[in-house]
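Engineer: next comes the sequence, and after it the predicted model I'd like to discuss.
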Amino acid sequence: MDIEKYLEIRNGLPDSVQLIAVSKFKPAEDIQTLYNEGQRAFGENKAQEMKAKHEILPKDIEWHFIGHLQTNKIKYIAPYVTMIHSIDSEALLVEVDKHARKNERVIPCLLQFHIAEEETKFGFSFEECEAMLRGDVFPTLKNVKICGVMGMATFTEDMGQVRREFQHLHQIFNTLKTNFFQNNDDFKEISMGMTDDYPIAIEEGSTLIRIGSAIFGARNY
């Protein structure tokens, strides 16, 4: 774990960008160490792992769920999750809404888009998302709040391609803002950029960067 690197990244961010420290697969002690440095937002991609950490760590931590979320795991995070970055289907959003209602909460969510050329990434196409937002179900969901978009660029050394993909996500954000969320002040977040590409993401309008290995070191699976 590299506290100096963490402080360098954090202190170098513009005021418009929030750092999500990606703590997946890392022990609670590491999260506590960063917490003691003032970090509050942490990203996890396994619901049960997030639940276990939430139970033993300080209660003012903001937990961001950034992985592919299975509908049968929503119950583990619905009582406390700060934001779900990875809404990639209407069915998932409906289930999140249901569990949020059970917990008397409104859960902030981001719509995940498939912007990479890799086939392995999850996410809406623009057409799928537009169909959902224009459909009959979406207006009935009162316990979720759409706060913006999320995407992952292709894992490549071609930073020109990465930049184009981030630009594409920003274009999607702008189109959705104009067509669906013009009067919604909550719709303001663009979650893009990780350890290898976050400086480009910030240049292209990211408001939430998700950084793990630069801070915590290589993953321990």
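Structural biologist: Great, that's in hand.
Engineer: alpha carbons only for contacts and neighbour counts from here, please
Structural biologist: Noted.
Engineer: sketch out the low-pLDDT regions of the protein for me.
Structural biologist: 119-121, 219-221 (pLDDT under 70).
Engineer: quick one, longest helix in it?
Structural biologist: Criterion DSSP state H: the longest helix present in the chain is helix 159-179.
Engineer: how about residues contacting the helix or strand that that helix is followed by?
Structural biologist: Following helix 159-179 in sequence order, the next helix or strand is strand 189-191 (DSSP states H and E). Strand 189-191 is contacted by residues 85, 110, 147-151, 170, 173, 205-210 when judged by C-alpha atoms under 8 Å, 6 or more residues apart in numbering.
Engineer: ok, now with 6 Å
Structural biologist: 147-150, 206-208 (C-alpha atoms under 6 Å, 6 or more residues apart in numbering).
Engineer: same deal with stretch 124-139?
Structural biologist: 88, 113-114.
Engineer: most surrounded residue in these?
Structural biologist: Neighbour counts for the contacts of stretch 124-139 (other C-alpha atoms under 10 Å) peak at residue 113, which has 24 neighbours.
Engineer: relative to residue 166, how far out is the residue nearest the centre of the chain?
Structural biologist: Geometric centre of the chain, nearest residue: residue 85, 3.0 Å, by C-alpha atoms, centre = their mean. Residue 85 sits 16 Å away from residue 166, going by C-alpha to C-alpha, to the nearest Å.
Engineer: most remote residue from this protein's center?
Structural biologist: Computed with C-alpha atoms, centre = their mean, the most peripheral residue in the chain is residue 136, at 25.8 Å.
Engineer: would you list the phi and psi of that one?
Structural biologist: Main-chain dihedrals, residue 136, degrees, to the nearest 10: phi -80, psi -20.
Engineer: all numbers from here: first residue = 11
Structural biologist: That works, and once the first residue is 11, the last one we named lands at residue 146.
Engineer: all helices of this structure, in order?
Structural biologist: 13-21, 38-46, 57-66, 84-87, 100-112, 136-144, 169-189, 208-213, 223-226.
Engineer: between the contacts of stretch 134-149, which sits nearest residue 116?
Structural biologist: Within the contacts of stretch 134-149, proximity to residue 116 (C-alpha to C-alpha) peaks at residue 98, which comes in at 18.2 Å.
Engineer: for burial, what's the neighbour tally of residue 115?
Structural biologist: 17.
Engineer: now do the buried residues in the longest helix of the chain.
Structural biologist: 171-173, 175-180, 182-184, 186-187 (16 or more other C-alpha atoms under 10 Å).
Engineer: max pairwise distance over those residues: which two?
Structural biologist: 171 and 187 (24.4 Å).
Engineer: roughly how far apart are the closest residue to residue 58 other than its chain neighbours and residue 156?
Structural biologist: The shortest distance from residue 58 to any non-neighbouring residue, by C-alpha to C-alpha, 6 or more residues apart in numbering, is to residue 86 (6.2 Å). Distance, residue 86 to residue 156, using C-alpha to C-alpha: 20 Å.
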